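Colleague: predicted structure and sequence below. I'll ask about it afterward.
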Amino acid sequence: MIAMLKCYECAENGANEEAVAVCITCGMGLCMEHAIRYDLSIWEGGYPAPVKILKKGLPRFLCSYCRDTIIPGACE
């Protein structure tokens, strides 16, 4: 029998959903409802300062706890 990773936030609420993503910061398993996509900016250019931000970011997933900590203004 294969054990599947479960969504931590669902488990806190007594639900039992399989995880589809992992928080890039804390490693918490997340279901579709709780996975928050955050596109990380990619900077192009050389030292000492980047020249421009590329149009398309790198997709990352966060849990609600890490989102509120990392993204400025997310919990306001």
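Modeller: Alright, I've got the coordinates.

Colleague: in stretch 38-53, what's buried?
Modeller: The neighbour-count check on stretch 38-53 (16 or more other C-beta atoms under 10 Å) flags Y38 as buried. For glycine as for every other residue, the C-beta is placed from the backbone atoms N, C-alpha and C.

Colleague: quick check: mean pLDDT of it?
Modeller: On average, the pLDDT along stretch 38-53 is 77.

Colleague: quick check: end-to-end length of it?
Modeller: Stretch 38-53 has an end-to-end distance of 16 Å (criterion: C-alpha to C-alpha, to the nearest Å).

Colleague: how far away from the center of its chain is that stretch?
Modeller: On the basis of C-alpha atoms, centre = their mean, to the nearest Å, stretch 38-53 is displaced by 20 Å from the centre of the chain it belongs to.

Colleague: contacts for that stretch next, please.
Modeller: Residues from elsewhere that reach stretch 38-53, judged by C-beta atoms under 8 Å, 6 or more residues apart in numbering: 54, 56-62, 67, 70-71.

Colleague: between the residues you listed, which sits nearest M32?
Modeller: F61 (10.6 Å; C-beta to C-beta).
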